[in-house]
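K.L.:
kindly return the folded structure for what I paste below:
(2 chains)
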Amino acid sequence: MASSPVLLTELELDALTELVNLGVSNAAGSLRDLVREEVVLSVPRVLVVTREQALANLSEREAKRLVAVRQDFEGDIRGRALLIFPEAKSMELVRGIIGSDLSAEDIMELEQEALAETGNIMLNSCLGTIANYFQRSLRISLPEVIYGEGDEFFGPASGGHANDRVVFMYINFAIRHRDIEGYIAMLLDLPSLATLKTLLAALIERTGGDPVIAPPHGV
Amino acid sequence: MTHKVLIVDDSKLARMAVVKALNALRPDWPRIEANNAEEALAQIHEERPDIVLLDFNMPGKDGLAFAAELSRHSPRIAIAVISANRQAEVINRTEAVGATFLPKPLTEKALGDFLNTAVQGATP
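P.N.:
A predicted model of the protein is given here:
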């Protein structure tokens, strides 16, 4: 189906990447309080892609089984945010969060809770930072942990529209010397993507401020 | 007296935010920009800035590693590391290399205080 594409300019994508990095940096601080050790988090790359491309990006790098923490959000922009890890790595993450001195049984028991809490901290921090910078408010649902293949997160059966876009972010995570690569994905419908573009442009405008011409002599 | 400021951040938006604050505080100070540590190093050799404002999270060498090198090789330069990552470990490492930690989003107040201190430090 033909649809008019909403493309972000280079500067708009730069601004979105910066907001997401601010969000995960804040989240790193909150996670640090939880694990009582430094947490290293960064988002080196942000892409805006179709659902098919998001699926392809995931399947290119990851085995099939994935785990995700999902939260829906509503406001000027509405959509679904997912923090995604390969299922094999999710245990590493849980051990990193709750410490490895627990028995395998205890860890299994706490897995869902630890994942939900991590997702809640990261996704809320990203969405909250974006909303604050846009001077808008977003209502964010409670986290839900889901297991499945990429198709279940982005495929037609996951709901939404076929032409929804995905803001796809690669995240690097290091916690208690465990390196974990994961993804944050924000599924947006086209009107929300258009609003996102408008809000990014407004943010850039505000940040650019009035052009200040340096006076010839010091103030 | 003016001081030359080098702003190092891989995000143009973040550099714009710093420039905006600088425009409000020290509109007459010359400023230069770099995208990453490597570019910054070239700028430092060519332009000899007095003050360097570094983003923490950058592809390639991060701001903290770069601050450590810079403060060893060019101790006369006043360095600030700017980050939204306010973990105690990050702040402590920043201070241990002789740089100042400034939280992101950068406020004019925080930047102004740092610039004042940097200027005083530079005065014999």
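K.L.:
for chain A, just list every one of the strands.
P.N.:
A:39-50, A:66-75, A:79-86, A:138-140, A:144-148, A:165-175, A:178-188 (DSSP state E).
K.L.:
of all those strands, which one comes closest to B:Glu46?
P.N.:
Among the strands of chain A, the nearest to B:Glu46 by CB to CB is strand A:39-50 (27.7 Å). C-beta: built from backbone N, CA, C; applies to glycine.
K.L.:
the closest one and chain B in contact?
P.N.:
Yes: counting by CB under 8 Å from any CB of the partner chain, chain B is contacted by strand A:39-50 at A:39, A:41-42, A:44.
K.L.:
which residues touch the one helix or strand in chain B whose mean pLDDT sits lowest?
P.N.:
For chain B, scoring each helix and strand by mean pLDDT, DSSP states H and E identifies helix B:108-122 as the least confident one, at a mean of 92. Contacts to helix B:108-122, defined as CB atoms under 8 Å, 6 or more residues apart in numbering or on different chains, come from residues B:1, B:3, B:18, B:21-22, B:24-26, B:50-51, B:53, B:76, B:78, B:80, B:100, B:102-103.
K.L.:
chain neighbours aside, what residue packs nearest to the most centrally placed residue in chain A?
P.N.:
Most central in chain A under CA atoms, centre = their mean is A:Ile184, positioned 3.4 Å from the mean C-alpha point. Spatial nearest neighbour of A:Ile184, excluding adjacent residues (CB to CB, 6 or more residues apart in numbering or on different chains): A:Met169 at 4.4 Å.
K.L.:
can you check A:Lys64 too?
P.N.:
Spatially, and ignoring its direct neighbours in sequence, A:Lys64 is nearest to A:Glu149 (4.8 Å; CB to CB, 6+ apart).
K.L.:
doesn't B:Ala34 make contact with B:Ala40?
P.N.:
Yes: between B:Ala40 and B:Ala34 there is a contact under CB atoms under 8 Å: 4.0 Å.
K.L.:
hey, what's in contact with both of the two?
P.N.:
What both B:Ala40 and B:Ala34 touch, as defined by CB under 8 Å, 6+ apart, is the set B:6, B:8.
K.L.:
what would the strands of chain A look like in CSV with mean pLDDT?
P.N.:
Output for the strands of chain A, formatted as CSV (pLDDT from 0 to 100):
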stretch, mean pLDDT
strand A:39-50, 90
strand A:66-75, 94
strand A:79-86, 94
strand A:138-140, 95
strand A:144-148, 92
strand A:165-175, 91
strand A:178-188, 91
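K.L.:
list the contacts for residue 98?
P.N.:
Since you didn't name a chain, this refers to chain A. So A:Ile98 contacts A:35, A:107, A:110, A:114 (CB under 8 Å, 6+ apart).
K.L.:
to clarify, I was referring to chain B.
P.N.:
B:Gly98 sits in contact with B:71, B:75, B:79, where contact means CB under 8 Å, 6+ apart.
K.L.:
name the SS class of it, please.
P.N.:
coil (DSSP: H, G, I helix; E, B strand; the rest coil).
K.L.:
do a quick rundown of the helices in chain A.
P.N.:
Taking DSSP state H, the helices of chain A run over residues A:10-35, A:51-61, A:87-98, A:104-134, A:150-154, A:190-208.
K.L.:
dump the ones you listed into CSV; add mean pLDDT as well.
P.N.:
Shown next, in CSV, are the helices of chain A (pLDDT from 0 to 100):
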stretch, mean pLDDT
helix A:10-35, 92
helix A:51-61, 89
helix A:87-98, 82
helix A:104-134, 90
helix A:150-154, 85
helix A:190-208, 94
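K.L.:
for B:Ile44, find the nearest of those helices.
P.N.:
Nearest to B:Ile44, of all the helices of chain A, is helix A:10-35, at 23.5 Å by CB to CB.
K.L.:
tell me what the closest one is packed against?
P.N.:
strand A:39-50, helix A:87-98, helix A:104-134, strand A:165-175, helix A:190-208, helix B:12-25 (3 or more CB pairs under 8 Å, 6 or more residues apart in numbering or on different chains; DSSP states H and E).
K.L.:
how about the fifth one, does it reach chain B?
P.N.:
Pointing back at helix A:190-208 there. Yes: counting by CB under 8 Å from any CB, chain B is contacted by helix A:190-208 at A:203-204, A:207-208.
K.L.:
restricted to buried residues, select those residues in PyMOL.
P.N.:
Buried residues within the residues of helix A:190-208 next to chain B, by 16 or more other CB atoms under 10 Å in any protein chain shown, are selected in PyMOL with:
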select buried, chain A and resi 203+204+207
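K.L.:
closest one of the residues of helix A:190-208 next to chain B to chain B?
P.N.:
Closest approach to chain B among these (CB to the nearest CB): A:Thr207, at 4.8 Å.
K.L.:
you'd agree the closest one is up against B:Leu13?
P.N.:
Yes: A:Thr207 is within contact range of B:Leu13, at 5.9 Å (criterion: CB under 8 Å).
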